[in-house]
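**Q** got a structure for you, letters missing:
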Ligand code: G16
């Protein structure tokens with residue numbers, strides 16, 4: 001067993017996006033590709049001899065091979081200790097919890113999140129820092145700089161490590177500790193929520209739920225927490241066995257991809273609560289019989305009711321949402337008299353606010369909700385929150401949502417995604433809009449008058465770093481919004497996301513069809529951007 005130094009050449013496309021580096025598996029399998037990026041992470045860390053790390057992934061195709069390569073490279077780079085989830089499995093929130101609990105210096109998480117898996121599909125690598133959260137932009141920019149000039153990487157010439165058996169192993173001078181992937185995370189959930197109350201709800205025989213793990217990483221977590229610790233029926237967890245290709249499905253918990261669950265929730269025998277999580281367990285979708293709770297509404301409900309749950313009984317210091325997320329949570333913050341921060345898309349932007357104690361909860365329209373218990377969004381946490389809420393209020397999901405709208409008004413909301421469109425055309429469309437923004441202010445479209453049109457710029461209140469070009473905002477005088485931005489997580493061409501929002505406070509108009517309410521805004525967006533012509537698409541790929 002010895003260290004070898006391999007000569008390599010830089011790849012020009014290793015710039016991390018919204019959440020790490022995501023590429024096709026075939027790209028990661030190119031000779032030196034994964035190794036270059038991992039070495040760039042180690043080079044960014046600098047002196048590795050005092051860096052203890054977590055390592056794990058969502059179990060998708062290439063996870064196990066990548067883990068072995070990373071372990072051998074970590075040992076060769078002088079990392080003294082690395083904690084690996086058993087079988088190479090760690091959900092993204094569980095990795096965040098592990099880094100925080102064991103006071104590690106960071107972690108490497110292998111996941112392309114909700115993107116499909118398998119030999120023809122996606123893989124990803126991201127680095128989380130000591131607070132348990134995604135590395136901030138200045139760190140990922142350094143990774144990219146190192147990756148762009150890399151000439152060599154170090155790796156051990158050694159046998160694979162047994163990552164399936166809990167215990168400690170030596171790889172040259174490095175200790176590899178293989179730990180239970182679920183236990184620490186499940187223990188933390190037990191501290192945050194009233195498990196006795198939830199257990200009583202299940203035991204009452206009056207309540208059932210369905211949780212769709214989508215053959216992704218949350219299967220074992222959900223089985224342990226929902227079925228074993230909380231006593232839910234044994235078949236509560238659907239698709240609970242993680243598969244390397246997620247059973248050929250797209251592990252994205254939304255109305256388009258969690259079809260089986262959606263059908264169940266719209267059937268006559270629907271359970272009382274339906275929920276799903278994604279590939280790496282950080283996203284969530286909440287449903288009641290016949291009702292879909294938008295992620296933005298879910299964040300608002302969670303913030304409004306946090307004081308009812310043990311982990312949050314002392315109230316919230318503040319809340320935050322990403323800019324395209326609906327402004328429903330702003331209304332809650334206003335009533336609670338707490339600050340509501342508006343950040344760019346990307347969980348990494350919440351890290352500083354959470355670390356500084358400015359916020360307790362945060363969320364995004366992209367099916368992400370979380371709190372200061374971790375530094376990642378957390379799918380099962382959100383599901384447990386809703387379960388605990390139903391148990392505490394003894395009310396249905398639908399009633400909780402309707403009562404919320406009655407009190408705060410309703411932010412009708414939806415998102416159109418145009419996936420895998422021509423990258424140059426999509427970038428040009430956004431640029432055209434930027435160029436047009438001054439003329440758009442003051443323009444009227446039927447009842448809608450544009451107040452301002454700008455390109456969102458975020459100045460972090462903690463470290464004063466500035467992030468430019470975070471999405472075009474078209475803001476109307478009646479409070480409605482159209483937001484356009486290019487996704488930072490796709491792997492083919494570009495994905496244009498358009499977000500539509502309109503607030504309604506008239507109690508007679510809270511139960512309308514969102515499509516109908518938002519249709520005028522959708523038409524305005526098409527007219528202003530000429531997207532159908534410019535992108536050669538007459539329909540979005542996904543509507544959420
Ligand atoms: C990641 C980020 C989220 C972001 C989402 C969508 O989620 O962690 O903060 O909202 O991507 O980003 P984009 O709109 O740029 O595609 P995940 O669940 O994919 O890791």
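**A** Cool, got the structure. Only a predicted model underlies this, so the values are computations on that prediction, with no experimental measurement involved. Numbers count the residues shown, from 1 in each chain.

**Q** Tell me, how many residues neighbour whatever residue of the stretch 301-450 of the chain ends up closest to the ligand?
**A** Closest contact between the stretch 301-450 of the chain and the ligand, by C-beta to the nearest ligand atom, is at residue 366 (3.7 Å). (Glycine included, C-beta is placed from N, CA and C.) By other C-beta atoms under 10 Å, 26 other residues sit near residue 366.

**Q** Would you mind measuring from it to residue 344?
**A** For residue 366, the distance to residue 344 (C-beta to C-beta, to the nearest Å) stands at 12 Å.

**Q** Next one, pLDDT for the residue of the stretch 301-450 of the chain closest to the ligand please.
**A** The model reports residue 366 with a pLDDT of 95.

**Q** same thing with residue 247?
**A** 94.

**Q** How is it assigned, secondary-structure-wise?
**A** Three-state call for residue 247 (DSSP: H, G, I helix; E, B strand; the rest coil): helix.

**Q** same check, this time on the one 10 residues further on
**A** Going by three-state DSSP, the secondary structure assigned to residue 257 is coil.

**Q** ok, it touching residue 251?
**A** Yes. Using C-beta atoms under 8 Å, residue 257 is in contact with residue 251, at 7.4 Å.

**Q** who touches both of those two?
**A** 114, 214 (C-beta atoms under 8 Å, 6 or more residues apart in numbering).

**Q** Compare those two (neighbour count), which wins?
**A** More crowded of residue 257 and residue 251, by other C-beta under 10 Å: residue 251, with 34 against 23.

**Q** Do a quick rundown of the helices in the stretch 101-250 of the chain.
**A** Secondary structure of the stretch 101-250 of the chain (DSSP state H, counting those that start in this stretch): helices at 137-149, 183-192, 195-203, 218-222.

**Q** Out of those, which is the most enclosed?
**A** Ranked by mean neighbour count under mean count of other C-beta atoms under 10 Å, the helices of the stretch 101-250 of the chain are led by helix 218-222, which reaches a mean of 28.

**Q** Show me what it packs onto, helices and strands only.
**A** Packing partners of helix 218-222 (3 or more C-beta pairs under 8 Å, 6 or more residues apart in numbering; DSSP states H and E): helix 379-393.

**Q** how far out from the middle of the chain is the next helix or strand after the helix it packs on?
**A** Using DSSP states H and E, the helix or strand that directly follows helix 379-393 along the chain is helix 397-408. Remark: helix 397-408 is offset 25 Å from the chain centroid, using C-alpha atoms, centre = their mean, to the nearest Å.

**Q** Could I get the full set of strands for the stretch 401-544 of the chain?
**A** Ranges of strands in the stretch 401-544 of the chain, per DSSP state E, counting those that start in this stretch, are 410-421, 444-445, 448-455, 458-459, 466-467, 472-476, 481-486, 494-504, 542-543.

**Q** could I get those strands as a markdown table with distance to residue 77, mean pLDDT and mean neighbour count?
**A** Below are the strands of the stretch 401-544 of the chain laid out as a markdown table (distance: least, C-beta to C-beta, whole Å; pLDDT from 0 to 100; neighbours: other C-beta atoms under 10 Å):
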| stretch | distance to residue 77 | mean pLDDT | mean neighbour count |
| --- | --- | --- | --- |
| strand 410-421 | 37 | 95 | 22 |
| strand 444-445 | 57 | 92 | 12 |
| strand 448-455 | 40 | 94 | 17 |
| strand 458-459 | 34 | 96 | 14 |
| strand 466-467 | 30 | 92 | 14 |
| strand 472-476 | 42 | 95 | 21 |
| strand 481-486 | 34 | 96 | 22 |
| strand 494-504 | 35 | 95 | 22 |
| strand 542-543 | 40 | 88 | 16 |
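
**Q** Now render those strands as CSV, adding distance to residue 349.
**A** As requested, those are exported to CSV (distance: least, C-beta to C-beta, whole Å):
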stretch, distance to residue 349
strand 410-421, 19
strand 444-445, 32
strand 448-455, 16
strand 458-459, 7
strand 466-467, 7
strand 472-476, 16
strand 481-486, 14
strand 494-504, 17
strand 542-543, 24
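
**Q** Need these in JSON lines (columns: distance to the ligand).
**A** Formatted as JSON lines, these follow (distance: least, C-beta to the nearest ligand atom, whole Å):
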{"stretch": "strand 410-421", "distance to the ligand": "9"}
{"stretch": "strand 444-445", "distance to the ligand": "26"}
{"stretch": "strand 448-455", "distance to the ligand": "16"}
{"stretch": "strand 458-459", "distance to the ligand": "13"}
{"stretch": "strand 466-467", "distance to the ligand": "13"}
{"stretch": "strand 472-476", "distance to the ligand": "14"}
{"stretch": "strand 481-486", "distance to the ligand": "7"}
{"stretch": "strand 494-504", "distance to the ligand": "6"}
{"stretch": "strand 542-543", "distance to the ligand": "12"}
